[in-house]
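Student: Sharing a sequence plus its predicted fold:
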Amino acid sequence: MTEKFDVKLESKTFFPDPSLREHMRMGDYELAYNEFLKDPEAYWEKVAEELTWINKWDKICEWDHPHARWFINSKLNITQNCLDRHVQSGKKNKVALIWVGEGGEEKILTYRQLHREVMRFAAGLKSLGVKKGDAVCIYMPLVPEQIIVALACARIGAIHSIVFAGFGTRALNSRIRDSAAKIVVTADATIRRGKRVELKAIVEEAVVNAPSVDKIVVLRRTKPPMELYSEIEVDYYDVLKDVSECEAEVMDAEDPLFILYTSGTTGPAKGIVHTCAGYMVGTYYTTQNVFDLRDNDVFWCTADPGWITGHSYIIYGPLLAGGTILITESTPDYPDPGVWWNIIDDFDVTIFYTAPTAIRMFMRMGEDWPRKYDLSSLRILGSVGETLNPETFEWYYRVIGKERCPILDTWWQTETGMHMITTLAGQPMKPGFVGKPLPGVVADVVDNNGDPVPPGKGGFLVIKEPWPSMMRTVRNNEERYRQYWNTIGKYYTAGDLAVKDDDGYIMILGRSDDVLIVAGHNIGSAEVESALVSNEAVAEAAVIGKPDPLKGEIIKAFIILRKGYSPSDKLRSELIYHVRMSLGPIAMPSEIEFVESLPKTRSGKIMRRVLRAKELGMDPGDVSTLEE
Ligand code: WTA
């Protein structure tokens, strides 16, 4: 395990326009955090009071380590809060959802329309025999129906398990089997970079050996409609019932809402289970206070609902807050790297939430693309999923946000359900740092024993107290769940290494499993990568540790160069020198290999373990989440 280690913590601070603080819901961080500390339960109760409940709670929280229950004995249905509440309060004709297809096609649904579509499919699911507590697997492209089906499940108390449509047969099969899904909802195909990707065929293969599956519902998008072969396949439109009402199932606070599989560093994917009330309160709270979502915002989160970011900040959070969400099936660089900026221009997107990997891709393509479009509607930029290194931050801030929009670097996980640590709009921004724990979250950086480490010393990121949207268990693997809360003291261990500065800002150094131990010093891989990417020649970097008889491990870096640079020994030495100068000699890569691409998960995280295995001639383990 890791010893304490020193981290260099220099960062330029960006100060936002002072008027931002006054206008944000959470303008005064300190005040809000103190209010939370004074009475945590009262703090969350106040948030919950803003939502609609069938029956209110007897108690806010019961904590029996490692199990928490929130809003005890309350009854609710999350879709009443996402839909009925707005339909009944004057937002009937407000746009809930804007969808843009790859060829520029558009579909727009108002709250009234979305509400009806959800109820129609919910009634259809019931007619297929789906009952409260049954699992439904959703394997669909990024189309409005993907969201409609998820909400329809929640409407009748079925547990949805959304599987990103980029996964292959094996990954889908294991997820269907683990969740014991009764129904799989899919589409004939998705369109990616002008090409059809067949989805139904993958499902047909994936349900072999999955005896729990009764029916496959197929959204047929293309004409002439694809044939439905077997007895178990039914058409999406035949399932839709012509109802004007499908009552929301009364759900207990702790009834499961969904399962979402997340890949571990070892072993099979873990089925993270979230429940109704706590998840609802957490995602609502963060959408309101982190994104500061307003009535006239157009909110675009570029994730897919197949990931937690899509669950929490495409579907639930923004709809709970009554926002207008935008989704698109289009890839960022097809037909050209201007498509996303064109969408922002076209729909006056105000809040844009994406991943550093996308921003780095845009950096490689050059500033001319975004400059062609009017991005002045933007008011808030967000980032999620991996370290937003200073270089990328500055480009995002300058070229996209025109030095006007705050950048929120949000740290959280599938397991946490909601944002946990983040920069807030109106607070000073330090590139490379994700900011401070949100009011409601007690996070710290500690050593092996759970003792806090001083500023500037690296350690483990932990969450010390339960929070409403925490996962409740790992499906079929309660033991794995317990590990999260029993690895370092009695805290929730996120598996990330981090460091705090004197102001309490937290920097994520990388996963603890990707730690490099070089000559007895622990080095976070993300830190070295960040240093490399700060060199103008480097577009992307991934580093791994390679066993070395002398040093324990040495650092090997894989580098994708930016346009206009080509591999050479001279450049190799320059880069090593660059890291030496920015991080110190212990962090210097011993080897650099120039590559064209890096193995990544579909959510854009570099799979260093695959690189390492390849380098060492070992089995890479489960690669079901690998994109390329
Ligand atoms: C990483 C995604 C640096 C981290 C919401 C975490 C980040 C894992 C950030 C969870 C960030 C997420 N800066 N690293 N802002 N956000 N991570 O479950 O290692 O797909 O543990 O959830 O992503 O990934 P997950």
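Tutor: Alright, I've got the coordinates.
Student: Could you list the low-pLDDT ranges of this protein?
Tutor: 1-6, 8, 263-268, 513-524, 550-552, 584, 620-628 (pLDDT under 70).
Student: The ligand contacts on that one?
Tutor: 262, 308-309, 384-387, 409-414, 434, 494-496, 508, 511, 603 (Cβ under 6 Å from any ligand atom). Glycine gets a C-beta too; all of them are placed from N, C-alpha and C.
Student: Just the ones of the residues you listed in strands?
Tutor: Here DSSP state E is the test, and these give 262, 384, 409, 410, 411, 494, 495, 496, 508, 511 as lying in strands.
Student: Pick out the most distant pair among these.
Tutor: Farthest-apart pair in those is 262 and 409; separation 20.4 Å (Cβ to Cβ).
Student: Comparing the two, which residue is more hemmed in?
Tutor: Using other Cβ atoms under 10 Å as the criterion, residue 262 and residue 409 rank with residue 409 on top: 26 against 18.
Student: Which single residue of the stretch 501-628 of the chain ends up nearest the ligand?
Tutor: Using Cβ to the nearest ligand atom, the single residue of the stretch 501-628 of the chain nearest to the ligand is residue 508, 3.8 Å away.
Student: That residue is in contact with residue 497, isn't it?
Tutor: Yes: Residue 508 lies in contact with residue 497 (Cβ atoms under 8 Å); the separation is 7.4 Å.
Student: in what helix or strand does residue 483 lie?
Tutor: According to DSSP states H and E, residue 483 maps onto helix 478-486.
Student: what's in contact with that helix?
Tutor: The contact list for helix 478-486 (Cβ atoms under 8 Å, 6 or more residues apart in numbering) reads 65, 66, 270, 415, 471, 472, 473, 474, 491, 492, 493.
Student: Report the contact partners of the second one.
Tutor: Right, residue 66. Contacts of residue 66 were listed using Cβ under 8 Å, 6+ apart, and they are 481, 482, 484, 485, 486, 490, 492.
Student: Could you tell me how many residues sit around the fourth one?
Tutor: Translated: residue 485. What residue 485 shows, counting by other Cβ under 10 Å, is a neighbour count of 20.
Student: And residue 10, by the same measure?
Tutor: 9.
Student: now residue 349
Tutor: 22.
Student: Which one (most neighbours) among the contacts of residue 66?
Tutor: Highest neighbour count within the contacts of residue 66: residue 492, with 25 neighbours (other Cβ under 10 Å).
Student: Identify the bridge partners of it.
Tutor: residue 463 (DSSP bridges).
Student: surely it meets residue 463?
Tutor: Yes: look at residue 492 against residue 463 with Cβ under 8 Å: they come within range, at 4.2 Å.
Student: Surely residue 560 forms part of a helix?
Tutor: No: assessed with DSSP: H, G, I helix; E, B strand; the rest coil, residue 560 is strand; it does not lie in a helix.
Student: my read: it touches residue 592, true?
Tutor: No: in this structure, residue 560 is not within contact of residue 592 by Cβ under 8 Å, at 11.7 Å.
Student: quick one: which of these two has more around it?
Tutor: residue 592 (22 against 18).
Student: hang on, the more buried one in a strand?
Tutor: Yes: remark: residue 592 belongs to a strand, assigned using three-state DSSP.
Student: Name all residues that make contact with it.
Tutor: 556, 557, 558, 559, 572, 575, 576.
Student: Farthest-apart pair in these, please.
Tutor: 558 and 576 (13.8 Å).
Student: the more surrounded of those two?
Tutor: Between residue 558 and residue 576, residue 558 has the larger neighbour count (other Cβ under 10 Å), namely 25 against 19.
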